[in-house]
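> dropping the sequence and predicted coords here.
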Amino acid sequence: MMNETIMMIQIENLNRSFEYAGNEVSVLKEINLNIRQGECVILKGVSGSGKTTLLSLIAGLDKPSSGKVLIEGEPISKLPDAFASELRAKKIGMIFQHFNLLEHLSVSENVTIPLIPSGLKMKEINKKVNTALTLANIMHKKEILSSRLSGGEKQRTAIARALVANPDIILCDEPTANLDRDNSLLFIEILKELHSMGKTIVVATHDPLFDHLSFESTVIPMVDGEIREMSV
Amino acid sequence: MNEVLLSNQVIVYLLSESTLFFLLLVAFIVSLKVLLKWDFESFTPLQFALEKQAYLVTTIILFVFAMKFLLIVYFIFSIDALSLLVPGAMCGAGVITANEYGSYLLILKLIILFFLTLWLYINAYDMRTKDHKWFKEKSWLFSFIFLLILVELGLDFSYFSHIDTHLPVSCCSALFGQLEGANPLPFGLTVPLLLVLFYLLYALVILTIKTNQTLLYILANILFVYIAYYAVVYFFGTYIYQLPTHKCPFCMLQAEYAYVGYLLWGSLFAGTYIGLSNAISTLWLKQNHKRSQKNVTFLLSFFVLLCTTYVAVYYFKNGVLLA
């Protein structure tokens, strides 16, 4: 359920720049953003606007050039890799544009992978995997090799993998870029269900389908690495 | 040019040492810069850049230190191989004493390996904290180690370039034998007393590990290494060579004795270095690694058991002990 007081993600004066051909290219500029627990935020912008970089910094996959990212009040922008991995395993589920599935593994094996380091018993792991597969509506393809799935099914497998550890935060990077309209709408329905479960969701997309969702969400336009005016 | 400097082993060794030193020099310069400006609480671009550089420096140091552990083995192998070039030398013992630099170089190498182990411990503790709690400690220690390695490199070149292949050196029998009835053992000990002390100190080391008496452990372990060295050279070694007059710490590193010296000295020094590093970490950083204590117990027990086995096997085979 949405809690107005708890800040799940706080971003303060965040900058990220890269060196390219001897020049410094600023990808994110002075980003300030607060995302409450249970909130759904849509980062909208064209390619190169800094959405993916921002998601990577929130997930602790990348380090900023300056500024802070806090998850539930804990600064993560400086976490050593081992701690960042632990945080992701417990708190963050990620869904990628290209699904990032292991093609030679079955659907259930792909979904099992995030739980392997947890040390849980196989019985408990199987229970969690089945729950995630049911939630993502891909249970019927459980034993199929992921290479033999359609785009929509691959995306639902990726959703199940993101949900299997029951994370508080779901980060989606262009989740519908490789899906047709029907599968995109199906994805949004799953997103709605996750929102109703109180998950904090951040979606980076340029898909117009996310402009007017049937559930409460905040659209944050990003242009050239900066946040422009927000709309709810 | 000196014949020794042109030998394959020495060329490879000096080239490896020089390359590693160059890497360490880069790491040293960067780490000094990082150390002087380090402020982990800050979220400025400078601090983020320093953290990336610190990560790079740590990676370089880890690589170089791992190589240094391998290079000590290669150094021993090289000086052993040089005994073919140096007249009078039967093994590394004669070669290491071929000039005034050799013994200092060997002792310095052993000291450096201890500090490398200590740095690895502090680094491991530092990597387990979210805020790099021990970054400054490990960086200052690295600076100190770098200076030692600088001296070591100088000694390396001085030593190998000053070995005269025309000047005969003493062989190990002359170096370690009891010449003119003089007692080579420390504190005026006799061999039986040396052995009593050897086993008593081993027991004390294990006891202090079990009872977590850190200061006493450090003292006992240092004494144990010292006594163990003499015990191996003047007693246990004679059972490895099966010759009462053959007293040498180097010959046992040769193929003739199944390279058992590497196992023997390796377990003694590895056990000591791990134990002392863990003990110093306990006193300095208030960090104790229980598994290290088990490893030390295993390594030192293995060393003592290996020494004792040679005597026992000889006795069971021949029914007598060496005089």
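All right, it came through fine. Numbering: from 1, shown residues only, chains lettered A, B, ... in the order given.

> please make it C-alpha for all contacts and neighbour counts, starting now.
Will do.

> and the gap between B:Ile111 and chain A?
To chain A, B:Ile111 is 31 Å away according to Cα to the nearest Cα, to the nearest Å.

> burial check on B:Val73, number of neighbours?
Applying other Cα atoms under 10 Å in any protein chain shown, we find 12 other residues in the vicinity of B:Val73.

> which SS class is it?
Secondary structure state of B:Val73, per DSSP: H, G, I helix; E, B strand; the rest coil, is helix.

> and A:Gln10, by the same measure?
Three-state assignment for A:Gln10 (three-state DSSP): strand.

> for it, give me its contacts.
Contact analysis of A:Gln10 by Cα atoms under 8 Å, 6 or more residues apart in numbering or on different chains lists A:32-35, A:68-73.

> in the sheet, who's paired with it?
Beta-bridge pairing for A:Gln10 (DSSP bridges): A:Asn34, A:Leu70.

> confidence score at it?
Looking at A:Gln10, its pLDDT reads 95.

> same question, B:Ala228
pLDDT recorded at B:Ala228 is 96.

> could you do the one 3 residues further on as well?
You'll see B:Ala231 listed with a pLDDT of 95.

> got the buried residues for the host helix or strand of it?
Here B:Ala231 is covered by helix B:214-231, with elements defined by DSSP states H and E. Neighbour counts over helix B:214-231 (16 or more other Cα atoms under 10 Å in any protein chain shown) mark B:214, B:217-218, B:220-225, B:227-231 as buried.

> ok, stretch B:239-255 next?
B:239-241, B:244-254.

> and the helices in the chain?
If you meant another chain, say so; for now it's chain A. Along chain A, the segments classed as helices by DSSP state H run A:51-58, A:81-91, A:107-112, A:122-135, A:151-163, A:181-196.

> let me rephrase: I mean chain B.
Taking DSSP H, the helices of chain B run over residues B:8-37, B:45-82, B:92-96, B:102-127, B:135-161, B:172-176, B:191-210, B:214-231, B:237-241, B:260-284, B:290-318.

> tell me, how many residues neighbour the closest residue to B:Leu118 other than its chain neighbours?
Of all residues not flanking B:Leu118 in the chain, B:Ser277 sits nearest, at 4.7 Å (Cα to Cα, 6 or more residues apart in numbering or on different chains). Counted by other Cα under 10 Å, the residues lying close to B:Ser277 total 24.

> where are the low-confidence patches of chain B?
B:1, B:172-182, B:323 (pLDDT under 70).

> tell me the residues of it that contact chain A?
B:43-45, B:48-49, B:127, B:130-131 (Cα under 8 Å from any Cα of the partner chain).

> of those residues, buried ones?
Of the residues of chain B next to chain A, these count as buried by 16+ other Cα under 10 Å: B:43-45, B:48-49, B:127.

> residue most distant from the centroid, chain B?
Distance from the C-alpha centroid of chain B peaks at B:Thr44, with 42.1 Å (Cα atoms, centre = their mean).

> show me what contacts the closest residue to that residue other than its chain neighbours?
In space, and not counting its chain neighbours, B:Thr44 is closest to A:Ser66: 5.0 Å by Cα to Cα, 6+ apart. With contacts defined as Cα under 8 Å, 6+ apart, A:Ser66 is in contact with A:13-16, B:43-45, B:48.

> and the gap between the residue of the stretch 101-250 of chain B at minimum distance from chain A and A:Ser66?
Distances between the stretch 101-250 of chain B and chain A by Cα to the nearest Cα are smallest at B:Lys130, namely 5.9 Å. Separation of B:Lys130 from A:Ser66 (Cα to Cα, to the nearest Å): 18 Å.

> then B:Thr165?
Using Cα to Cα, one obtains 61 Å as the distance from B:Thr165 to A:Ser66.

> now do B:Phe135
Note on B:Phe135: its distance to A:Ser66, by Cα to Cα, is 20 Å.

> what does chain A put close to chain B?
When proximity is defined as Cα under 8 Å from any Cα, chain A approaches chain B at A:63-68, A:78-80, A:83.

> nearest to B:Phe69 among those residues?
A:Pro80 (26.9 Å; Cα to Cα).

> nearest residue to A:Val219 in space, please, no chain neighbours.
Leaving aside its sequence neighbours, A:Val219 sits nearest to A:Ile42 (Cα to Cα, 6+ apart; 4.6 Å).

> the residue nearest the centre of chain A and chain B, how far apart?
Closest residue to the average C-alpha location of chain A: A:Leu171 at 1.2 Å, with Cα atoms, centre = their mean. As defined by Cα to the nearest Cα, A:Leu171 lies at a distance of 24 Å from chain B.
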